[in-house]
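> sequence first, then the predicted structure:
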Amino acid sequence: MKLVIFSGTSDGNKLCQWLSKQNITADVYVATEYGEQVMPKMEGINIHIGRLNTFQMAEIIDNNTCVIDCTHPYASEVTINIKTVCEQKNAKYLRFLRESLFYDENIISVKNTQDAVNWLSNTSGNILLTTGSKELEFYTKIPNYQERLFVRVLPTASVLQKCESLGFKGSHIIAMQGPFSQEMNVAMLKQINAEILVTKDSGKSGGFIEKQQAAKQANVKMLMIERPLSENGLTLKQIKDEILKLKEYPRFPLFISLVNKNVLIVGAGKISKRRFEVLKRFGANITVIATENRADIENVIIKSYSENDLNDMALVIAATDDRATNHKIYLDCNKRNILVSVADCFEESSFFFPAICQNDILTAGLVSNGKNHTAVSTMAKKIRNLLGGE
C-alpha cells in the first residue's frame, strides 16, 4: 500500500524519521520550501513542495493509498480537502491530531481570528502575537497595532517581507524558530512589556504549555483562538501502530511432512488438478470433492461442499469457480484453525500454495506476495532448469 503524508508540523517530521528507520517509503507533501528545509534528508522519504488543490490530490491518491494527515490543527481547509478526496477515492485516511490542552478557565478563548481582533481592539497594552504570519493582516485592524503588536514569526525571507509590507517595524518582529521554553517566553514578554499573549491551541509539541506557564509567571493575560474543526484523531504512537499493520510481510517457507495427512481439495478444475498432482508426490491422503469433474481427476467425489467435509483434515484447498463457496470454506477453516489455500483470494489464504522445484535431493517452494503469478511461473522455470529436475 502506498503511503502519502501531508505534513505541516514537527510531529510530521518525527513520523518521517521513524518511517525511514523502519525502511518504509513515503511521499511527503509540505506546503512551503521552509517545510522542506526543517526536515533532514531521510532514506525512503520523498519530499514534494507546494500546496495541492483537490484535483492535484486526486492524482496522487487511489484506493491503494494510506493517507496520513499531519497538517496543523488550524489548517482546516487542507484537512477538509484531504478527507474529501480520500472518501472519493476510497483511500485509507489517518488523522494525526495534537491533543488539546485547553483546560485553564483563566484563559480567554475566542472562536476565530476575527473575534480575537475584536477583543484585542477593546484592550490596551502591548501584545505578543504567537499565531504565525498566515492571518497577520487581520491584526492590522487593531488601533495603534504598529506600536502595540509584537509578532513572533518564522525566520524566512517571505515572512519578513510580509511583516514589513503590513507596516511592522523591525523592532516589533521576532523572527525565530521554536519550540520555546517557558523561560524564553517569559523573557520575551518582559522585554516587550507585554500585557497580553495571543496563541492558538497548538498542543504539547506546539509549545502551548510553555506559553501558558510563562503567561502566569509574567502576570499577563492569555488569549487563545480555538481550533476551527471539532475532529477526532490519533496519537503519534497510534499512527505508527496503524502503519505497521499495513506493512506486507512475506510468508515464511515452512516445510512440513504431509505423509498420511488428510488433505481436502474442493473443486475439480485445472487448478485443482495441478494441486492434486503436486500433493500426490508428498504422500498426502487426498480427498477431492466437486459438483462435476471437469479436469478428469481420479476418484473425485461428486457432491456439494459442506462443513462436515473438513472433519479430520490437516490442509484444505478451495478451488471452485464459485466465490461464495470458496469464501465459506475460508470461514469454516478459519473457525476450525485449519490451514487453507483459497485459489481466487490470496488475502483469505492462511498459506500460499507454492510452485515446486525439485530434484532427487533438493526441494524448493516459490511464492510471491500473492499478486504476481507470472513472476512465480517465470522464476520457477529457471530454478527447475538449475536443479535439473521436475
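Structure received.

> dump the C-alpha coordinates for stretch 377-390 into PDB.
C-alpha atoms of stretch 377-390 as PDB (Å, rounded to 0.1, in the frame of the first residue of the first chain):
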ATOM      1  CA  SER A 377       6.000 -19.100 -13.100                       C
ATOM      2  CA  THR A 378       8.900 -17.500 -14.800                       C
ATOM      3  CA  MET A 379      11.300 -17.900 -11.900                       C
ATOM      4  CA  ALA A 380      10.200 -21.500 -11.200                       C
ATOM      5  CA  LYS A 381      11.200 -22.500 -14.800                       C
ATOM      6  CA  LYS A 382      14.700 -21.000 -14.200                       C
ATOM      7  CA  ILE A 383      15.100 -22.800 -10.900                       C
ATOM      8  CA  ARG A 384      13.900 -26.100 -12.300                       C
ATOM      9  CA  ASN A 385      16.500 -25.800 -15.100                       C
ATOM     10  CA  LEU A 386      19.200 -25.200 -12.500                       C
ATOM     11  CA  LEU A 387      18.000 -28.200 -10.400                       C
ATOM     12  CA  GLY A 388      17.700 -30.400 -13.400                       C
ATOM     13  CA  GLY A 389      14.600 -32.000 -12.000                       C
ATOM     14  CA  GLU A 390      10.800 -31.500 -12.300                       C
END
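
> buried residues, it. List them.
A380, I383, R384, L387, G389 (16 or more other CB atoms under 10 Å). (Glycine included, C-beta is placed from N, CA and C.)

> among those residues, which has the minimum pLDDT value?
Here the lowest pLDDT out of these sits on G389, with 54.

> who's in contact with the helix or strand encompassing T79?
In the assignment (DSSP states H and E), T79 maps to helix 76-89. Contacting residues not belonging to helix 76-89 are listed as 6, 8, 51, 53-54, 57-58, 61-63, 65, 67, 69, 71, 91-93, 95, 228-229, 231 [CB atoms under 8 Å, 6 or more residues apart in numbering].

> can you flag which of the buried residues of stretch 377-390 belong to helices?
A380, I383, R384, L387 (DSSP state H).

> is it true that the first one touches G365?
Think A380. No. With contact defined as CB atoms under 8 Å, A380 does not reach G365; the gap is 9.6 Å.

> need the residues touching each of these two.
A355, C357.

> show the subsequent helix or strand relative to the helix holding T79.
Helix 76-89 is succeeded, C-terminally, by strand 92-95 (DSSP H and E).

> below-threshold pLDDT in the protein: ranges please.
The model of the chain has pLDDT under 70 over residues 34-36, 38, 101-104, 371, 389-390.

> for the residue of the chain most remote from its centre, which non-adjacent residue is spatially closest?
Taking CA atoms, centre = their mean, the residue of the chain most remote from its mean C-alpha position is N299, at 50.3 Å. Using CB to CB, 6 or more residues apart in numbering and skipping the chain neighbours, the partner closest in space to N299 is V288 (6.9 Å).

> was I right to think the one you found contacts K303?
No. Between V288 and K303 there is no contact under CB under 8 Å: 10.7 Å.

> neighbour count: the two, which is higher?
Neighbours were counted for V288 and for K303 using other CB atoms under 10 Å; V288 has more, 24 against 10.

> D360 versus the more buried one, what's the distance?
28 Å (CB to CB, to the nearest Å).

> next one: L15
53 Å.

> which parts of the chain are helices?
10-21, 33-37, 54-60, 76-89, 113-121, 145-148, 157-165, 182-191, 208-218, 236-246, 270-280, 323-336, 373-387.

> what residues does the longest one touch?
This means helix 373-387. Contacts for helix 373-387 (CB under 8 Å, 6+ apart): A355, C357, Q358, N359, L362, A364, L366, V367, S368, E390.

> burial count for the fourth one?
The local packing of N359 (other CB under 10 Å) involves 13 other residues.

> do the same with the fifth one
Taking other CB under 10 Å as the neighbour definition, L362 ends up with a count of 12.

> just the first one next, same as before
Applying the criterion other CB under 10 Å, we find 20 residues in the vicinity of A355.

> going forward can the numbers begin at 184, since that is how I track them
Fine by me, first position is 184 from now on; the one you just mentioned is A538.

> could you find the closest non-adjacent residue to it?
Using CB to CB, 6+ apart, the closest residue to A538 is A563 (4.0 Å).

> for that neighbour, give its distance to A358.
From A563 to A358 the distance is 63 Å (CB to CB).

> tell me the buried residues in the helix holding T262?
Buried-residue list, helix 259-272, by 16+ other CB under 10 Å: V261, T262, N264, I265, V268, C269, K272.
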